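> Could you look at this predicted model? Sequence included:
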Amino acid sequence: MKVLVIDNEISIRESLVMAIRSFCPFIEEIDEADGIESGLRKIETYEPDLLFLDVELGNGTGMELLSRLQKINFNVVFITAHNKYAIDAFKYSAIDFLLKPINPEELIKSIAKAEKKISNDNLLKQLSVLKNEYNNSSTKEKKIVLSEQDSIHIVNSKDIIYCNSEGNYTTFFVDSKDSKIVISKNMKVFEDMLSPIGFIRVHNSYLVNINKIEKYDKGDGGFLYVTGNIKIPVSQRKKELLMELFKSM
């Protein structure tokens, strides 16, 4: 695997290259660039398999660099500072990222994930979502990338009815989809992502879009009815939270 690191901060760039050499000895070649123009030239001549790309380059952004390429035939891992909006944008787009300063364990995980990716056909779609979320962090309506084993779905958060979890898998039920979408991530990942934009966890196994709630039945332990007359259980410890939500609506 050939790796290219593009970062305008020389200390970050050098420490990342050193970490790759120290913790990932199977990497065959590593090269560097410090900005958009030098990065574009290096991509053309070096032809990397994996690109580590800083979000904020001195003369532009990493997303601007990628937008100038006619094709992307390599995997990408973004490097970013501890910026909440940037991190949220990456979560919505499902594009891999590393936080500065680079954690060696996270670095190894990123490279392992990149090795497993066979195709980059979906990367342009994911970059579109990333750019939109990065530039419009305040909007309540979000697009979210949901990656299954063999396909990728880009859905509007407002169209998600509810999520159901079983172990390390979360199933999405979406208005605009005929079938459910099963993602190999646990519910906590999506609870953190969706709770700020109008979702509530009413049960250990259920995360619900509050705009899809049609009725709350207090009897028989407590159940919500959502779009499609779907019945969802409410846990005892979530009832008070749910009642507070109704009072505020």
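Done, it's in.

> pLDDT below threshold where in this structure?
Regions of the chain meeting the criterion pLDDT under 70 cover residues 84-85, 117-122, 135-140.

> Walk me through the domains of it.
2-135, 157-248 (automatic domain parsing).

> Adding distance to Lys143, write these out as JSON lines.
The C-beta positions use only the backbone N, C-alpha and C, and glycine is treated the same way. Supplementary listing: the domains of the chain in JSON lines, determined by distance: least, C-beta to C-beta, whole Å:
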{"stretch": "domain 2-135", "distance to Lys143": "5"}
{"stretch": "domain 157-248", "distance to Lys143": "7"}
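
> just so I know, which of those domains lies nearest Glu141?
domain 157-248 (5.4 Å; C-beta to C-beta).

> This protein: helices as residue ranges?
10-23, 36-46, 62-67, 84-93, 104-116, 123-135, 187-194, 239-248 (DSSP state H).

> now the ones you listed as a markdown table including mean neighbour count and distance to Ile152?
Listed next are these as a markdown table, based on neighbours: other C-beta atoms under 10 Å; distance: least, C-beta to C-beta, whole Å:
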| stretch | mean neighbour count | distance to Ile152 |
| --- | --- | --- |
| helix 10-23 | 15 | 28 |
| helix 36-46 | 16 | 23 |
| helix 62-67 | 19 | 17 |
| helix 84-93 | 19 | 11 |
| helix 104-116 | 14 | 15 |
| helix 123-135 | 18 | 7 |
| helix 187-194 | 17 | 16 |
| helix 239-248 | 12 | 32 |
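
> out of the ones you listed, nearest to Ile181?
Nearest of the helices of the chain (C-beta to C-beta): helix 187-194, 11.4 Å.

> quick revisit: so can I have a markdown table of the helices of the chain showing distance to Phe78?
Output for the helices of the chain, formatted as a markdown table (distance: least, C-beta to C-beta, whole Å):
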| stretch | distance to Phe78 |
| --- | --- |
| helix 10-23 | 12 |
| helix 36-46 | 13 |
| helix 62-67 | 6 |
| helix 84-93 | 7 |
| helix 104-116 | 10 |
| helix 123-135 | 8 |
| helix 187-194 | 17 |
| helix 239-248 | 35 |
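
> Can you check which of these gets nearest to Ile210?
helix 239-248 (6.5 Å).

> circling back to that earlier point, go through the domains of the chain and name the closest to Glu148.
That would be, of these and by C-beta to C-beta, domain 157-248, which comes in at 6.4 Å.

> Which residue comes closest to Ile95 once chain neighbours are left out?
Gln126 (5.1 Å; C-beta to C-beta, 6 or more residues apart in numbering).
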